[in-house]
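Visitor: sequence first, predicted model second:
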Amino acid sequence: MAAPSGGVNCEEFAEFQELLKVMRTIDDRIVHELNTTVPTASFAGKIDASQTCKQLYESLMEAHASRDRVIKNCIAQTSAVVKQLREEREKNLDDLTLLKQLRKEQTKLKWMQSELNVEEVVNDRSWKVFNERCRIHFKPPKNE
């Protein structure tokens, strides 16, 4: 699933997480998808498993790339905010509101960075399941 065309709201972490949850639907349902579309040996003649696996491969590649872009974009945006707040804080050390805002943004940045680790686990799981079911039906291109 691609990111919404209206852009991503990186300001609210809850919205960011909800978007990632929706975008991870393909990974959450991969076992069901493979069970319903890639035939077992007894049904191999009735469905074109190579085409099905190719389409699923392309969908996974796009979903993973799209989520990676969203996460890295939000990390970059939040990093810029943290940098700006740090600079403002250095000029005004007595401003507690500024310090509170800086800490809040730093925490959000750490959470967003941790989503990269979550993404790696989700992707690895999906590719493992995909390869178990599709390795005999479809060989991904070497350059990806």
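Guide: Now that the structure is in, tell me what you want to look at.

Visitor: which residues of the chain fall in helices?
Guide: 13-23, 25-28, 30-37, 49-91, 96-134 (DSSP state H).

Visitor: need these in TSV (columns: mean pLDDT and mean neighbour count).
Guide: (Each C-beta comes from the backbone N, C-alpha and C, glycine too.) Formatted as TSV, the helices of the chain follow (pLDDT from 0 to 100; neighbours: other Cβ atoms under 10 Å):
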stretch	mean pLDDT	mean neighbour count
helix 13-23	94	15
helix 25-28	92	16
helix 30-37	85	15
helix 49-91	94	16
helix 96-134	95	15
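
Visitor: of these, which is nearest Pro141?
Guide: Taking Cβ to Cβ, helix 49-91 is the member of the helices of the chain nearest to Pro141, at 9.2 Å.

Visitor: thinking again about what came up before, in CSV, list the helices of the chain along with distance to Lys142.
Guide: Compiled in CSV, the helices of the chain are given as follows (distance: least, Cβ to Cβ, whole Å):
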stretch, distance to Lys142
helix 13-23, 27
helix 25-28, 23
helix 30-37, 22
helix 49-91, 13
helix 96-134, 15
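
Visitor: residue closest to the middle of this structure?
Guide: Centroid check for the chain by Cα atoms, centre = their mean gives Arg67 as the closest residue, at 3.3 Å.

Visitor: ok, and the closest non-adjacent residue to it?
Guide: Nearest non-adjacent residue to Arg67, counting by Cβ to Cβ, 6 or more residues apart in numbering: Met23, 5.1 Å away.

Visitor: ok, now how distant is that neighbour from Ile71?
Guide: Using Cβ to Cβ, to the nearest Å, Met23 is found at 10 Å from Ile71.

Visitor: next: Glu87.
Guide: For Glu87 relative to Ile71 (Cβ to Cβ), the value is 25 Å.

Visitor: pull the contacting residues for the residue nearest to the centre of the chain.
Guide: Arg67 makes contacts with 3, 20, 23-24, 119, as judged by Cβ atoms under 8 Å, 6 or more residues apart in numbering.

Visitor: and if we set it to 7 Å?
Guide: Residues in contact with Arg67 (Cβ atoms under 7 Å, 6 or more residues apart in numbering) are 20, 23, 119.
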